[in-house]
Each structure stands twice: as structure tokens, then as C-alpha cells.
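>>> Provided below are the primary sequence and the corresponding predicted coordinates.
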Amino acid sequence: MKVKVIIYPDERVREITIEGKENIKVREILRKIGLDEFSVIVKLRNKIVMEDETIKDGDVLEVYEVMSSG
Amino acid sequence: MGKCSVCGAKAVIRIPYARINLCEKHFVEYYERRIERTIVRYGLISKGMRIVVAISGGKDSASLAYVLSKIADKYDLKLLILHIDLGINNYSTKAREVVEEFSKLIKVPAAIISVKDVLSLGIPELAKLSRRPTCSVCGLVKRYIMNAFAIEVRADAVCTGHNMDDIMVNILKEFLNQNFEGMVKLVPKTLSQNGIAVGRIRPLYETTEREDLAYALINNLPFLKVTCPYMNIGGIDTDLKRYLHHLDSKYSGIRISFIRRFVSNVEKYWKHIANEGEVNKCKYCGLISQGDTCSFCNLTKRVLGEPAGPKVREYIRSYLRDHMLSYLNDDLGSD
């Protein structure tokens, strides 16, 4: 499964590949990029979601870091 | 999957200290109600006030100004946006664009005061010449311009987007420096002083930075999505914020209870410290000062050869005449 992550501020892009797993949660992607759910707000398919939201192959995750976004 | 504690719909955010999950609709209601309760709890606003809303272009001030514009009629508020263009290359250009877009969105006029236009140099150059940290010079210049602007438009208050996390970090920093005089000023409201200083109000005193961000995103508010190039990511501010986030995730509610007890303790035990500080009029610009010269005139005199306070005040007067006279006369009154 491939997921694109755009981290704000500054639009840093990360491509995450997870092999042999389905029903990946937002929380797992955040852990992979070294962030915890209390320090970000995540948008998926143009809606804010919580950390237990399931991600599909090809999804684009917008991750807004709380402390440095203005 | 988390469900909204109010209606059972899909939740988008958890509010740890209230131990609830909320959907978009109920989060927006919760956030707006929380700001209004903060306003009432600390008596920040009274009917008919003229308020200068200082907007940086970031998510906190955007969320704040949006909510204020929604309740302006209810409280008969006269709002005016102030944005200070700091002269930090692309960052300031983007901030300015965002503020202009935002001003149109909420239909509140924006005054944009450019530091470069007034002083012929931006914050980075001023900081370099003064050999002081950029953030310290930036803070000093912003505080001065905010107050000078508010005095010139005869505002009742300057409203800033400092949230609970910002306030707590500053309280802790002042405590670590044992600067109690600085600490007791970090209350939700400071009072105006006789034509030399306009009081500050902080309606985001009880909202977290994360809630401000969520509100701005849900409402699609325009805000800056780039970091200030001078922001010190590894500095004490971010370290303290991270630590506070960590504490709150482990002991939910610790931040809100701290901030409320702080306000109550200032009122009960430390108020005299705030009143002990010397308050004078700057001999150059006539605005608030601790000695005979205010920090801004002191800095600019040392760096530019002359105190720039009077120049800033004249620039603001001329800006208001050129850009906002009709609004000031029509909506703020010409008294």
C-alpha cells in the first residue's frame, strides 16, 4: 500500500509504502513519520479525521503540525 | 471509530480535558461557545467597544477574528484588523496576501502597516544592526506599533491571538527567569492607561493551539502555511510546548486548570506586583514607557540615530487619513 503524506507548514512531501498490510490507520502513518496524534490535525479526502481512520491505497494525507503552523 | 459525544456522528477531534469527541458541527459550536465564555468569564468585551484585532496571518488570529466577526453584531463591536508587515521577504509577502483575502472574507477593513515603509528597513536588518535576537526585536516592534495604532484610532482594546499554549509557555519562561512582573501581565486582559497605552484582550486564553488549527481548517479560513524563517524550532518555546502537550496527553486537563488557577492567583496574591512597575510617558513619542524613553525609541535611537516613535505615529495618522478615513468616520465615529 502506498500513501502520500503532505506535511504542513512548508508542504514537505513523504511517500510511505507499507507492505503486506491492510486496514492501516492514520495513527500508524503518523508514527512512521515520527509524529503523535496530539501534535497534529490530519485531513483525508478533504475532511478532518481522527487517528483511528482507515487509509486506502493511494490516499493523500494532509498533516498539519500544530506548533509550527503560524 | 470515534463518535461525536453530542450526536453520535463521525468525530473529527478529541477534546481531552473535556473527555469528549466532537463532529465538525459540534466542534465549531463548542469552539465558538468557549471563546464567548472566555470573553464573559474575564469581562474582556463590553457593548459598543472599538477593537483593533491584530492579525499575523496565522491560524490562531484567523480563527479568533472569524469568531469575533460572527459575534460583532451581538455585542455591537466595531472591529478593525491590524496587520504588521515585518519585511521578512517571501514570508511577509505571503502573510500580507493571506490577511487581505481574510479581510475580504469577514468584511472587516484591514490596516497594513509596513515596518519597511516606516523605518526604511525590515525586522531582520533592524535586528542585525541592533545585535539583538530577531524574535526579540520583532516582538518589541510589533507591541509598539499595535499600541501606537490603537491609540491613533482611539480603540478600547487590542485583541491578540495568543492561545492557552502560548500563554502557558510565556508564564513558564517568565517563572524560569524569575520575572514576576512580566508573569503577572500574562492575564486575559490588561487595562488601558490614560492615552499612553491601550489595554490588551486575549479571547483565546482558554483554547488550545490545536483547537485553533482545527477550527481554521474546518472553516477553510485562509492562513499562512509556511513557517517564519526566524522561528527557532529547537528553542525553549517549542521545547516547553512539547512538554506541555506531553503532560496534557498524560494528565488531561492539567493545562486548563493551571491557566485558571494562574489568573485567580494573580488576582488574589500578585496583583500588587503588576501595579508596582513604573509607568511614564516616553519623552519622544508620548506613549507608555518604564523610564523616560520607551524601548522602541531607545532601540531606534541607538540603531538608526533617531528615536522613530514620533515617525511611526505620524505614519499611522497619515495611513489612516489615506486609507480608512471614511470607515473611521462612518463606523468608528469621529469623536
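Here it is on my side, so go on.
>>> what residue in chain B comes nearest to chain A?
B:G58 (2.8 Å; CB to the nearest CB). From N, CA and C alone the C-beta is placed, and that goes for glycine too.
>>> list phi and psi for that residue.
phi -80, psi 170 (degrees, to the nearest 10).
>>> for B:V67, see how far away it is.
15 Å (CB to CB, to the nearest Å).
>>> list the contacts of B:D212.
Counting by CB atoms under 8 Å, 6 or more residues apart in numbering or on different chains, B:D212 makes contact with B:59-60, B:63-64, B:161, B:163, B:204.
>>> how about those residues in a markdown table, adding secondary structure and pLDDT?
A markdown table is the format used below for the contacts of B:D212 (DSSP: H, G, I helix; E, B strand; the rest coil; pLDDT from 0 to 100):
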| residue | secondary structure | pLDDT |
| --- | --- | --- |
| B:K59 | helix | 96 |
| B:D60 | helix | 96 |
| B:S63 | helix | 98 |
| B:L64 | helix | 97 |
| B:G161 | coil | 96 |
| B:N163 | coil | 96 |
| B:L204 | coil | 98 |
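>>> give the buried residues for the lowest-mean-pLDDT helix or strand in chain A.
Every helix and strand in chain A was compared by mean pLDDT, DSSP states H and E; the lowest is strand A:12-17, with a mean of 90. Applying a neighbour-count criterion of 16 or more other CB atoms under 10 Å in any protein chain shown, the buried positions in strand A:12-17 are A:I16.
>>> so which elements touch that strand?
strand A:2-8 (3 or more CB pairs under 8 Å, 6 or more residues apart in numbering or on different chains; DSSP states H and E).
>>> can the strand it packs on be found next to chain B?
Yes. Shown here: strand A:2-8 in contact with chain B (CB under 8 Å from any CB of the partner chain) through A:Y8.
>>> then that strand to PDB, C-alphas only?
C-alpha atoms of strand A:2-8 as PDB (Å, rounded to 0.1, in the frame of the first residue of the first chain):
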ATOM      1  CA  LYS A   2       1.300   3.400  -1.000                       C
ATOM      2  CA  VAL A   3       0.300   6.700   0.800                       C
ATOM      3  CA  LYS A   4       1.300  10.200   0.000                       C
ATOM      4  CA  VAL A   5       1.800  12.500   3.100                       C
ATOM      5  CA  ILE A   6       1.900  16.200   2.800                       C
ATOM      6  CA  ILE A   7       3.200  17.800   6.000                       C
ATOM      7  CA  TYR A   8       2.300  21.500   6.700                       C
END
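>>> what mean pLDDT does it have?
Rounded to a whole number, the mean pLDDT of strand A:2-8 is 93.
>>> got a list of contacts for it?
A:12-18, A:24, A:29, A:33, A:55, A:57-65, A:69, B:225.
>>> and for the residue of chain B closest to chain A, the neighbour number?
22 (other CB atoms under 10 Å in any protein chain shown).
>>> that one reaches B:K225, doesn't it?
No. Counting by CB atoms under 8 Å, B:G58 stays clear of B:K225, with 9.7 Å between them.
>>> which stretches of chain A have low pLDDT?
When residues are selected by pLDDT under 70, those of chain A lie in A:68-70.
>>> low-confidence regions, the stretch 151-300 of chain B specifically.
B:274-277.
>>> would you map the helices across it?
B:164-176, B:180-183, B:209-218, B:236-250, B:254-265, B:271-276, B:295-304 (DSSP state H, counting those that start in this stretch).
>>> can you name the residues bridging to B:A54?
B:L82 (DSSP bridges).
>>> what is the burial count for it?
23.
>>> neighbours of residue 52, how many?
Answering for chain A, as no chain was given. By other CB under 10 Å, neighbour count at A:D52 equals 12.
>>> wait, chain B was what I had in mind.
When neighbours are counted by other CB under 10 Å, B:V52 comes out with 25.
>>> that older thread, select only the buried ones of the contacts of strand A:2-8 in ChimeraX?
Entered in ChimeraX, the line below selects the buried ones among these, by 16+ other CB under 10 Å:
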select /A:16,24,29,55,59,61,62,63,64,65,69 /B:225
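>>> up against chain B, what does chain A have?
A:8-11, A:36, A:38-39, A:41, A:43, A:47-50, A:52-53, A:64, A:66-70.
>>> give me the buried entries from those residues.
Judged by 16+ other CB under 10 Å, buried ones among these: A:8-9, A:39, A:41, A:43, A:48-50, A:53, A:64, A:66-70.
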